[in-house]
Every structure is written in structure tokens, then in C-alpha cells.
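Engineer: sequence first, then the predicted structure:
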Amino acid sequence: MSQVPWQATAFRHFLQYRWFMIAMAIYLASLVLFGVIHFRHTRDQALQEVDSRLKSAAFSLDHLLGTDFHDRFYHPDQMDAPSDLQWVLKVTSLNRDLQLDYVYAMVERDGHIYFTAANANEEELRQGTHHAYFRPYPDAAPEVYQALKTGQVQYLETLDSWGHFRTVLIPRTSPKGRPYVLAADISLAKLGVTHKESLRKTLWLGILYVAVTLPLLLLYAWPIKQRLYIHPVTGLPNRNRLEKDLDSFNDPQVTLINIDGFHQINDFFGAAHGNTFLRLVAHRIQALLTRRDRLYKLGADEYVIVREIHPDTLPIETFILALNQQQIDLANTRIPLAVSAGVADGKLHALEHADLALKQARNLNRGVAVYSESLQSSHDFESNLAWTRILKEAIDDGRIIAWFQPIHDNLWNEICHYEALVRLVDREGNIIGPGQFLSVARRSRLLGRLSLIMLEQALIQAERTGHNYSVNLTIENLTHPESSTAIIRMLRHSSAAERIILEIVESEGIEHLDRVQAFIQEAKKLGASIAIDDFGTGYSNFKHLLELPVDYIKIDGSLIQQITHSAMARAVVSAIVTFANQLDAKVVAEYVSDEQIQKTVLGLKIHLSQGYLFGPPVPASESSEEDEDEVEGVATELKPA
């Protein structure tokens, strides 16, 4: 089953769906923002209209009373009860016409505020408590005094024994220079009705906005959802929908169906007829399903059936047999339908398991195959066999090569070594990294042969360039008589043995220590140096350093990568450095990938550094172009990069 096409399509559709969701979020946020702004605007507009009414009412009162009315305050004998009642009635009539709660005038005397005129309600007129002239106003707000003092108009909310109001205060001066204040009130309850009306208008406008724009957004969203979860040709749910729906099943049976020979049909009849064929096949499959079963479309020619097994469920073998007995009419041609199927039970890795079963069904020319653990083991076994064959052919054809990565001398601040990482060149000339084949090489006992090839290439390079090279050996190379003898013979017959560093992979453990010691003694007699590789993991044992005369210790990269944030890792590395110094051995830090790690490495007094900070692995032809004054040697290692 090809994975790339559906993943690329799903990712593209997801991006469209994600952008739609972002657009929806922006849409809703803008709708809320619009509502808030519109409500505030209409509320402020209504408030301005109220303030304008209050101001007009105050000036109307001033016109009604006359400019010298308030001078009578200083001559109380000029105002009697009948005339006071007449003024109260006039002001009350004005207030009724203006549809406000109160209009009134005030003056200040001896630090107190007094009414000079005010309207009255029906009850006050009936009970004779309408008298306003010279009536004290003990609840007067501080803004009244401020208006009289500054002469500036004041708009405010007031709370007194008469209620809670929106109020305007307009200071004036009589012809005789005596200040007074005109005022008008409207109840905040009435103002609240105005605000509610503004809110109602905003809500209706928002509803209208949604009614117009939301259908347009949905018209855009529906095709995106269709593309995200619906196969465009057949209209069936696609892989994205399948992965979501699997969780809704308790114990599903997943059947992957592939149309045999569909590519030939598509090529012969053309893409349009090919799409028609896919739709017709979908109809034939659906005709055999129950209402509980679900059908999905994957890839170019694959379908998936997901169903719970019930007593009345048609056995999958019978289902596929019935499907293979049908014929499809396409472009005036009757085409026999031929399909293969792989079946897997359960949710976990259901598609992968069904795919393995499908491959087995096609390989064995059977209609149906059911996944089992033995099938998985068989698949792994076949993969290992394939890689073993590829590896053996590469060894026989001389297609095992080394790429070289620089090693940095921290004392002299220059590149001093190179580590060669094993590579396999396939028949098409592609370079394959060791991660693809080293595990197979280890299981098939080919790792030792790779080491000997690396040593042979390192000796040739050393003789040609005069540089030092390091070769990574396995414990098997050192303890197996045939292999160890071959290594010693190669060193003895080479003029560059003193330029070779033999690295022992310490993480594999060191068994038959006596054989290893004997090998090292013989190799050092020929001039070779010894290194312990990947020290600090696996079978790490400081005792090995006491029993083996090593010249280099390479600290495993998993430790080096932690030294910037793990105090424990730094402590372990520091202990290794201290111990190596006692043995007069140089320490190499592997996997130095950035400046922060290198700074910590320098702080720990580590002699050499290796990693992508100083350069990636390169072919031998490129590494040999390095300045010979800077390069003292090249390290060759048999392990993944």
C-alpha cells in the first residue's frame, strides 16, 4: 500500500480545513467585536441624544423663568404662595411637554443649596407640598457647587431621595451678577430602556449579518470537509474517516481489498472509464454488505471493509468468492472482476496487518489471507533474507566503501583525524547508510568481514596519503582465530601499520580477555595503536582500561549529548577523563553537534571532539583534498552515522 499519495492529499486538505477553522475563529471574533462596537456606538449616540434633551430643557426653563427671577431669592418678600404655585404649574407643564422627570433651578447661599423653582407631581399638587421656592436641597451633589464655582456645564449621574438620574447642570449668572444653576433629570430606568433598545438593534443586526455570511462560509466549508473525509471519485469515506471511525468499533474485522489488474484496465480504457470502474466496484461491494458494515476507499485500487462479526455475517472467504464471480460492464465491454483481500482482527495496527495479509494472498495467488503473528515473523524474515543477499552481493562486488568525518583537536584547535563511516553502494549507485544493514550484518555474521574490508581500505589509504587511520573492530575479529590472524597478517605485510588505530567496540562486551590481550600485544608490536570505542554504555567496565593497554578512549555519544543539561552525565564523563589521564590515554567526545556541547567538552578537558559541528561524513575523494598540514590522520569506523 502506497502511503505518500494519501498522506500528501490529507495534509493538503488538513491545511485547507485548518485555514477554514482559523477563518471561522476570525469571523466569530469579528462578529463579537462588531457587536460590541455597534452597541457602544448606539448607546453613546442615545446618551448624546438624552444629554441634548436635558440641556435643551434647562435652557427652556431659563427662558421660562426670565433672567431676573433668581434675584428674588435675595428679596423673599417678593414671592408669595399664590405666585409660587403659578411658577410651579408653569415649570410642571414644561417638564410634562419635555417628557423628563425633573427640571429645576438652584442657588447657593451661606454654603447651602436651595431650590428656586422646580416642577411638582400630581400628588404634591394635591397635598399642597409643591412649594419649591427657597426649599433647601440637602442631597445636592458636589458637582452643583463645582458648576457654580467653575461656570462649566456638568453631566453626571445623581442619586438622592427622589431617585437615580442622569442630570445636566448648567451654571448661569443674573443681570445683577448673582449665580444660579439650571438642572434637568431623567430617570436611569428610562435610560435603561434606551440601552435595551440599542442592544436589541445590535442583536438583530448581528442575526442579519450571520444569516447572510454564514451560509457563504458553509458553502466554502462543505467542499473542504468532503475532500478531507470523502474519496473524490467514489464518494466513499476515505482513510482519514476510517482512522477516526475505527475507535467506534469494539472488536472490528478489517478487510483490505485490492482490484487485481486495475492499472491495465485504467491504461487501456483511460482515466475517466477507470474512475467509472472504481465506482461500479464500490456498488458491487456495498450490495454484499449488511447495514452494520462500513466501506471505505483507499489509494487507487483499494477498498476497506470494517465490520463487527455477528452470527449472520457472511464469511470473508465467501464474500470475496462472491465478488470474484461478478462481471463489470464498462465501455461496451464485460470485464470479470478479480480481487484479492487481506484480513486482520482488532484495532491496533489493523491496516498494516491487513496489508501484510494482502501481500501474502497475492504472492500465493490466493483470494484471501488472514493475518497472524507468524505472518509478521515471516515478513521480517523475508526482509532480513533480502538484506543479507544485498549485503553479500555488495561485499563480493566491492561495493563497501567508507565516508570520512573530521575529528577536532581541542588543544591545537584544528582538524586532526577523520572517522570513516561504512557505506554500501547499491546496484543503481545509491549510497546506503549503515543503519539499513548493520543489524542484518551482525545477525548473519558478516560484521567481521566488513571490518576486514575497512582495515584493508585503511591500510591502502595510509600507504597512499601518509595519514593515520582508525579501524573499528568487533570482539569477534579479535577472538576468532581466523579473523585475528588475518588482521595481524595484513598489518605485518603493510608499511603503514604504525598509522593504524584499532578501535574495540566496548559496548559489545569483552569476553575471552586473554585472547584480546594477546591480540593487542601482537598488534602493538607492529606499531598499531588501540582505542576503546563507545565507552560508558553497555558493558562499560573501568577494569578493561586497567587490563588493556589502550591509547584512546572514545566516550559514547549518548553521554556527550547529555552533558549540557545533566549533572550526572557530566560527572560520569569527568570521571572517565580523569581515569584516562592517569592511563596517559587521549579522550574523544563523539556526537558533538553544537557550540554549547563543545563548550562543555572544553570545560571537561577532553582532548578530541567529533560530530557534525566540525563537518559531516564525506567520500574518500573529498577527504583526501584536505590540507595535509592540518590533517594528521583519518579514523575509520564501522557503525551508524
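Structural biologist: Noted; the coordinates are in hand.
Engineer: what about the strands in the stretch 201-350 of the chain?
Structural biologist: Under the criterion DSSP state E, counting those that start in this stretch, strands of the stretch 201-350 of the chain are mapped to 252-259, 294-298, 302-308, 327-330, 333-336, 339-345.
Engineer: which other helices and strands does the third one contact?
Structural biologist: Spelled out, that is strand 302-308. For strand 302-308, the packing partners by 3 or more CB pairs under 8 Å, 6 or more residues apart in numbering; DSSP states H and E come out as helix 239-245, strand 252-259, helix 271-288, strand 294-298. Just so you know, the C-beta spots here come from the backbone N, C-alpha and C atoms, and that holds for glycine as well.
Engineer: quick one, what contacts residue 473?
Structural biologist: Taking CB atoms under 8 Å, 6 or more residues apart in numbering, we find residue 473 in contact with 451, 455, 487, 502-505, 638.
Engineer: one more time with 7 Å, if that's ok
Structural biologist: Going by CB atoms under 7 Å, 6 or more residues apart in numbering, residue 473 touches 451, 502-504.
Engineer: if you average pLDDT per helix and strand, which one of this structure comes out bottom?
Structural biologist: The weakest-scoring helix or strand in the chain, judged by mean pLDDT, DSSP states H and E, is strand 633-637 (a mean of 43).
Engineer: any idea which element residue 533 lies in?
Structural biologist: strand 529-535 (DSSP states H and E).
Engineer: from residue 468, how far off is the nearest residue to residue 607 once chain neighbours are set aside?
Structural biologist: Among residues not flanking residue 607 along the chain, residue 586 sits closest, at 4.4 Å (CB to CB, 6 or more residues apart in numbering). Remark: distance between residue 586 and residue 468 (CB to CB, to the nearest Å) = 12 Å.
Engineer: which residues of the stretch 51-200 of the chain fall in helices?
Structural biologist: 81-98, 122-127, 142-150, 188-229 (DSSP state H, counting those that start in this stretch).
Engineer: quick one: low-confidence residue ranges for the stretch 201-350 of the chain.
Structural biologist: Applying pLDDT under 70 to the stretch 201-350 of the chain flags residues 201-202, 206, 209-210, 212-214, 216-227, 311-312.
Engineer: is it true that residue 319 touches residue 288?
Structural biologist: Yes. In this structure residue 319 lies within contact range of residue 288 using CB atoms under 7 Å: 5.9 Å.
Engineer: between those two, which is the more surrounded one?
Structural biologist: Taking neighbours as other CB atoms under 10 Å, residue 319 and residue 288 compare with residue 319 leading, 22 against 16.
Engineer: for the more buried one, give its distance to residue 231.
Structural biologist: Applying CB to CB, the value for residue 319 to residue 231 is 21 Å.
Engineer: can you get me the start-to-end distance on stretch 439-454?
Structural biologist: 17 Å (CA to CA, to the nearest Å).
Engineer: assign residue 518 to helix, strand or coil.
Structural biologist: With DSSP: H, G, I helix; E, B strand; the rest coil as the basis, residue 518 sits in helix.
Engineer: so what's it scoring on pLDDT?
Structural biologist: pLDDT, residue 518: 91.
Engineer: just to revisit the earlier point, looking at the strands of the stretch 201-350 of the chain, which is closest to residue 169?
Structural biologist: Across these, residue 169 has its closest neighbour in strand 294-298 (76.0 Å, CB to CB).
Engineer: report the angle between the closest one and strand 252-259.
Structural biologist: Angle of strand 294-298 versus strand 252-259, following axes from the mean of the first three to the mean of the last three CA atoms, to 10 degrees, is 50 degrees.
Engineer: what pairs with strand 294-298, parallel or antiparallel?
Structural biologist: Here strand 294-298 has these sheet partners by DSSP bridges: strand 302-308 (antiparallel).
Engineer: in the partner strand, what's buried?
Structural biologist: 302-307 (16 or more other CB atoms under 10 Å).
Engineer: also stretch 576-591?
Structural biologist: When burial is assessed from 16+ other CB under 10 Å, stretch 576-591 yields the following buried residues: 576-577, 580, 585-591.
Engineer: which of these sits closest to residue 461?
Structural biologist: If you rank the buried residues of stretch 576-591 by distance to residue 461 using CB to CB, residue 588 comes first, at 19.7 Å.
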